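> Structural data only, the sequence is not supplied:
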């Protein structure tokens with residue numbers, strides 16, 4: 001039971017990190033292309 005909750009939190013955290021990396025990559029690319 002505890003493991004399932006922990007696993008859900010971990011996967012959510014991981015996807016949040018991936019999303020942040022991806023959006024920062026996109027903004028970096030846009031900034032690079034504009035200059």
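It's in. In this text, all values refer to a predicted model and were calculated from it rather than measured experimentally.
> How far off centre is stretch 12-20?
Chain-centre distance of stretch 12-20: 3 Å, with CA atoms, centre = their mean, to the nearest Å.
> Over to stretch 8-23?
Per CA atoms, centre = their mean, the displacement of stretch 8-23 from the mean C-alpha position of its chain is 4 Å.
> again, but for stretch 17-31
Mean-position distance between stretch 17-31 and its chain equals 9 Å (CA atoms, centre = their mean).
> Quick one: low-confidence residue ranges for this protein.
Residue ranges of the chain with pLDDT under 70: 1.
> just the helices in it please.
2-34 (DSSP state H).
> okay, now residue 33: neighbour count?
Using other CB atoms under 10 Å, residue 33 is surrounded by 7 other residues. In short, each C-beta sits where N, CA and C put it, glycine included.
> Check residue 32 too.
A total of 8 residues lie near residue 32 under the criterion other CB under 10 Å.
> swap in residue 21?
Neighbour tally, residue 21, other CB under 10 Å: 10.
> and it, how far is that from residue 31?
16 Å (CB to CB, to the nearest Å).
> ditto for residue 25
From residue 25 across to residue 31, the span is 11 Å (CB to CB).
> Find residues that contact each of those two.
Residues touching both residue 25 and residue 31 (CB atoms under 8 Å, 6 or more residues apart in numbering): none.
> Cheers, nothing more for now.
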